[in-house]
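Q: With the input below, show me the fold.
(3 chains)
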Amino acid sequence: MIDSRYKHIFLFPALLVLVAIIIFPLIYTVRLSFSGWDINRPGLDSVGWRNYARAFVDGGFWNSMGTLYQMVFFCVLFEYTLGFGLALLLWKQVKAGRFFRLLFIIPMCVTPVVMAVVWKTIFHETLGPLNDILSWFGISGVPWLSEATPAFISIILVDVWQWTSLMFILLLAGLMSLPKEPYEAAQIDGAGPIRTFVHVTFPLMAPITIGALVIRLIESSKLMETIYAMTSAGPGSATETTSYLLYIRSLREFQIGYTASLSIIYLVIMIIALALFAKLLSRALIGRSEART
Amino acid sequence: MRGARVNLYSGLKYGALIIWAVFVVAPFLWALSTSFKSDNGVTGGATYIPFLEYEPTLDGWAALFRDTSSGGISMQGPYLASLIVSLVSSGIALALGTLAAYGLSRFTFRAGPLSNSDITFFFISQRIMPPAILAIPYFLLLQFTGLLDTHIGLILVYVAMLLPIVVWVMVDFFNTVPTELDEAAMIDGCNPIQAFYRIILPNCGPGLVVAGLLCIIFSWSEFFFALTLSFAKVQMLPPTIVILNSNKVPWWSLSASALASVVPLVIVAFFLERYLSRGNLAGTIRE
Amino acid sequence: MAEVKIEGVQKKFGSVLALDAINLTIHNNEFVVLVGPSGSGKSTLLRIIAGLERETSGTVTINGESMAGVAPKHRDVAMVFQSHALYPHMNVYDNLAFNQRIRGVARKQVDDKVREVAERLEITDLLKRRPRQMSGGQRQRVAIGRALVRDPQIFLFDEPLSNLDAELRVRLRTEIKRLHRELQRTSIYVTHDQVEAMTLADRVVVLRDGRIEQIGEPDTLYQRPANIFVAGFIGSPAMNLIAAKASKKFLHIGSQTLATEFEGSGAVTLGIRPEDFLLEGPDTPGTIGAQVTLIEPMGADTLIFCLIDGRLEVSVRLPRHIRIADGDNLRLKLRRDSLHLFDPESGQRLN
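A: Modelled structure (predicted):
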């Protein structure tokens, strides 16, 4: 369409807000990362690269990255697989399909942190229903929140409960938008359901898969609220993710300058990792399905 | 034999759906049941069915209205604060975001080597920032401008968080509206702004509703900034509930308040499902 | 009253050249059709005239005034789009009235205009309907109505009939022609269908790859196409184009020879329309022999495909009562003054 003078009126208000409220604070954080602002020495001074140097040998920080990656991996894996499965089940006209769809969408719409509080009561070792029900099957006293591995699992469980519905919605929408012709061709060719899935459905869904995975990866990398409500990164630091660590170091321990440097390092790593992931995934999925035709 | 195979298959299908459905409602049912309990329903171990295993009381729910001084929770304040901040920030984000999305969909922008899709990506990539990183600068910024612990301060921050969502939904939506409509309007005598709000906008219903509902969900459920940027004068729902957790508040009041705080969201979920099943968000993701 | 002058207009999209060196003058009250295959730039040219695209270089003037930088709404043009582009959230009445209301015209006048146009196009009973409640043909009528209400100095049509089925297309085409005769407004019409071009136009502009191949009245284009492209594009069934050799008033087509008045020599492309063949009896002098390979009955005529010398294919149009069978050997005479000779390299007309 013809370029006009009006185009700036459309874009600029939003751009301005974004720049003011996100870019400037980010720049400020970079500046902070070069200062030694903490509870003993408040104020914007300059300590050069000292914070960054300290960050590289900060065991807790890198541990939290490791914990984060593990958690994100399992969460997104389960959410994607389960979400896809549910979407496939509800794809064709199903009795009470709308009822199920409505039910399944609820977890992602409710406040994560509040539901985490509810889940905490469920995971309670002596008074909670989970251990109670497990005891009917002969499994007794799982230390959900007081030991490392069970705590890890509990966080993942809650996240999967919450966000599988997002993947479900995205993937269902994707499935519904697929063209019918390849399926009719596959039917004529005599392909069974599994073969149809592997050779028709999955390749056609490739762009949607990538989009959904990237979205969920971005969101889950910020994993913090569930941990805050359920385990406070415990026991020890078994469930401490980077977001949580940044929160504690900056707003509880007030190591403002140092945490700023951690934030910058984290951001850079995340952006590179996400970009790489998206590129690799798209080459793997789309490259392959293009070759197949 | 085919009939039996089909029945087994659909039996498995429904079985799986029901299992997941149970998983989904389990926490809600547990919270509901717990909210009617009192001491004996909790301290002796897990109980489930009212009247059978424990005596239901309304203590939990009554506490919502009582003042904190008498051991209650007083949800009205936080409820109102969450309502105001959610609705206002969603409204502003919708307005600004839709304008920007329309601009990005219809015009070409150039800033050196960057163009439209880069700008759109810029908007959407803001979601990568964990709130934890922005906490300090925001804290200092709001303190400096005297907006700490105010509705306006939170609204400003929320608008910035919500813009990426609106832009994401609406850019794809506008891309599905043919440009002939804008062109017909301009030939009929509109300038681009008139074409936007007289012709294009009235046809945006579905997109706006979805974007708006998503905004409300995100802003109502936002926890981190509500926790760190407001404390006394403005209390939002999520931090209020979580703080109860550590205040040794009995399980029944806790469950009641948790449920009360998410009820509006369940209603929103209902509308969201309606609009999503009408429209088609697949295009939104195909980037 | 509007004269449109297009001088030296060029349009680039990035590095792609969509239009090059376009020079065209459209006279007052003329109905000009821009025709060509897809990608020929005809829609681009129309949109530049409308003001929806800006020319990369060159000038467009309407009534002597340069339109550089002038927005569409100030050019007093109305456009009918291929996809009707009616406003979905308004009913027909509001769709028709919109452009008047935008200009602040008084309510009574708007109503008069809308009703007058509705009557003329016989859509009065549709006034309360929404676009989605109407058929394709009705929508396109409303789109034309919207342009009529505008009463502009120039009507622009961008392939308005392409989305309609064949029967509707013929009907609306006739209506558009009738409207033009009544209203006598400068109109510029874009289509890829040469039949539409021939039936509607006062003058036809044939475009290909962003360049003008020929401008002229339909008859002229039909009887004296300026180059091979126009020759093959205009007329249906298409003109036969065969390789031949000319030398000293003789044409050698394969192994056969024809006497001619053409005095050039060298390789030529011979063009002859299927209906310009005459069937003669066997052994008649001055004819060409060909063997029938395929017969296509078309109703009033029959289209017969034959091979000259067993390798040069021509199509011949004969009245249906002439009985021909597969494999028959025909003697064909070429009607006088119906030979079109082109240079095979440049494509330009030679005779």
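Q: give me the low-pLDDT residue ranges for chain A?
A: A:1-4, A:93, A:286-293 (pLDDT under 70).
Q: So which residues of it form strands?
A: Counting by DSSP state E, chain A has no strands to list.
Q: What residue in the stretch 1-150 of chain A comes nearest to chain B?
A: Going by C-beta to the nearest C-beta, chain B is nearest to A:Phe10 of the stretch 1-150 of chain A, at 2.9 Å. The way it works is simple: take the backbone N, C-alpha and C, and place the C-beta from them, glycine included.
Q: same check, this time on the stretch 151-300 of chain C
A: For the stretch 151-300 of chain C, C-beta to the nearest C-beta, closest residue to chain B: C:Leu156, 8.3 Å.
Q: ok so, going back, from B:Leu201, how far off is the residue nearest to the residue of the stretch 1-150 of chain A closest to chain B when sequence neighbours are not counted?
A: Among residues not flanking A:Phe10 along the chain, B:Gly103 sits closest, at 2.9 Å (C-beta to C-beta, 6 or more residues apart in numbering or on different chains). Distance check for B:Gly103 against B:Leu201: by C-beta to C-beta, to the nearest Å, it reads 13 Å.
Q: Neighbour count: those two, which is higher?
A: Between B:Gly103 and B:Leu201, counted using other C-beta atoms under 10 Å in any protein chain shown, the more crowded position is B:Gly103 (26 against 15).
Q: any idea how far B:Val171 is from that one?
A: From B:Gly103 to B:Val171 the distance is 10 Å (C-beta to C-beta).
Q: likewise C:Thr25?
A: C:Thr25 sits 42 Å away from B:Val171, going by C-beta to C-beta.
Q: What's the local residue count around C:Arg208?
A: Neighbour tally, C:Arg208, other C-beta under 10 Å: 19.
Q: that older thread, just checking, the residue of the stretch 1-150 of chain A closest to chain B touches B:Tyr102?
A: Yes. Contact criterion C-beta atoms under 8 Å: A:Phe10 and B:Tyr102 qualify, at 5.5 Å.
Q: quick one: common contacting residues for the two?
A: B:Phe196 (C-beta atoms under 8 Å, 6 or more residues apart in numbering or on different chains).
Q: Who has more neighbours out of the two?
A: B:Tyr102 (27 against 24).
Q: Contact partners for the residue nearest to B:Ser82 when sequence neighbours are not counted?
A: Take B:Ser82 and drop its neighbours on the chain: the residue closest to it by C-beta to C-beta, 6+ apart is B:Leu237, 4.3 Å away. Contacts here follow C-beta under 8 Å, 6+ apart; on that basis B:Leu237 touches A:111, A:114, B:75, B:78-79, B:81-82, B:220, B:226, B:261.
Q: So which of these belong to helices?
A: Using DSSP state H, the subset of the contacts of B:Leu237 located in helices is A:114, B:78-79, B:81-82, B:220, B:226, B:261.
Q: Which two of those residues have the greatest separation?
A: A:Val114 and B:Ala81 (15.2 Å; C-beta to C-beta).
Q: coming back round to it: go ahead and confirm the residue nearest to A:Phe10 touches A:Leu11.
A: Yes. Counting by C-beta under 8 Å, B:Gly103 sits close enough to A:Leu11 to count as a contact (4.0 Å).
Q: got any residues that touch both of these two?
A: Shared contacts of B:Gly103 and A:Leu11, defined by C-beta under 8 Å, 6+ apart, are found at B:Phe109.
Q: still on that earlier bit, reformat the contacts of B:Leu237 as CSV; add neighbour count.
A: Shown next, in CSV, are the contacts of B:Leu237 (neighbours: other C-beta atoms under 10 Å in any protein chain shown):
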residue, neighbour count
A:Thr111, 24
A:Val114, 28
B:Met75, 21
B:Pro78, 21
B:Tyr79, 18
B:Ala81, 20
B:Ser82, 26
B:Trp220, 25
B:Ala226, 28
B:Ser261, 26
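Q: of all those residues, which comes closest to A:Ile155?
A: Of the contacts of B:Leu237, the one sitting nearest to A:Ile155 (C-beta to C-beta) turns out to be A:Val114, at 15.8 Å.
Q: surely the closest one meets B:Ser261?
A: Yes. Between A:Val114 and B:Ser261 there is a contact at 5.6 Å, judged by C-beta under 8 Å.
Q: which stretches of the stretch 101-250 of chain B aren't confidently modelled?
A: B:110-114, B:247.
Q: Please enumerate the helices of it.
A: For the stretch 101-250 of chain B, the helices defined by DSSP state H, counting those that start in this stretch cover B:116-125, B:131-144, B:151-175, B:179-188, B:192-194, B:205-221, B:224-229, B:237-246.
Q: check whether the longest one contacts chain A.
A: What it means is helix B:151-175. Yes. Helix B:151-175 reaches chain A (C-beta under 8 Å from any C-beta of the partner chain) through B:156-157, B:159-160, B:163, B:167.
Q: wait, does stretch A:85-101 contact chain B?
A: Yes. Stretch A:85-101 lies within reach of chain B by C-beta under 8 Å from any C-beta, at A:85-86, A:89-90, A:94, A:98, A:100-101.
Q: Mind checking which of these land in helices?
A: A:85-86, A:89, A:98, A:100-101.
Q: Export these as JSON lines, with columns for neighbour count and distance to C:Gln133.
A: Shown next, in JSON lines, are those (neighbours: other C-beta atoms under 10 Å in any protein chain shown; distance: C-beta to C-beta, whole Å):
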{"residue": "A:Gly85", "neighbour count": "16", "distance to C:Gln133": "41"}
{"residue": "A:Leu86", "neighbour count": "24", "distance to C:Gln133": "37"}
{"residue": "A:Leu89", "neighbour count": "19", "distance to C:Gln133": "37"}
{"residue": "A:Arg98", "neighbour count": "13", "distance to C:Gln133": "27"}
{"residue": "A:Phe100", "neighbour count": "21", "distance to C:Gln133": "34"}
{"residue": "A:Arg101", "neighbour count": "20", "distance to C:Gln133": "30"}
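Q: domains of chain B?
A: For chain B, the structural domains run B:2-57, B:74-285, going by automatic domain parsing.
Q: Can you say which of those domains is packed in most?
A: The highest average neighbour count among the domains of chain B, using mean count of other C-beta atoms under 10 Å in any protein chain shown, belongs to domain B:74-285 at a mean of 20.
Q: residue closest to the middle of the chain?
A: Reading this off chain A. A:Ser220 (1.5 Å; C-alpha atoms, centre = their mean).
Q: My question was about chain B, not that one.
A: Central residue of chain B (C-alpha atoms, centre = their mean): B:Ile217, at 1.1 Å.
Q: so what's that residue up against?
A: Neighbour list for B:Ile217: A:109, B:265, B:268-269, B:272 [criterion: C-beta under 8 Å, 6+ apart].
Q: What residues of the helix or strand hosting C:Ile6 count as buried?
A: Element membership for C:Ile6, per DSSP states H and E: strand C:4-13. Of the residues in strand C:4-13, C:4-6, C:9, C:11 count as buried by neighbour count, 16 or more other C-beta atoms under 10 Å in any protein chain shown.
Q: and what of stretch C:217-229?
A: For stretch C:217-229, by 16+ other C-beta under 10 Å, it's C:218, C:221-222, C:225-229.
Q: Switch the residues you listed over to CSV; also include pLDDT.
A: Below are the buried residues of stretch C:217-229 laid out as CSV (pLDDT from 0 to 100):
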residue, pLDDT
C:Pro218, 93
C:Leu221, 92
C:Tyr222, 92
C:Pro225, 92
C:Ala226, 92
C:Asn227, 91
C:Ile228, 92
C:Phe229, 93
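Q: what's the farthest-apart pair in those?
A: C:Pro218 and C:Ile228 (18.7 Å).
Q: which residues are contacting stretch C:265-277?
A: Here stretch C:265-277 has contacts from C:225, C:228, C:231-232, C:235, C:237, C:239-248, C:251, C:253, C:301, C:303, C:314-318, C:332-335, C:338-344, C:347, C:350, using C-beta under 8 Å, 6+ apart.
Q: can you do 6 Å?
A: Residues outside stretch C:265-277 that contact it (C-beta atoms under 6 Å, 6 or more residues apart in numbering or on different chains) are C:231, C:237, C:239-242, C:244-247, C:315-317, C:332, C:334-335, C:338, C:340-342, C:344.
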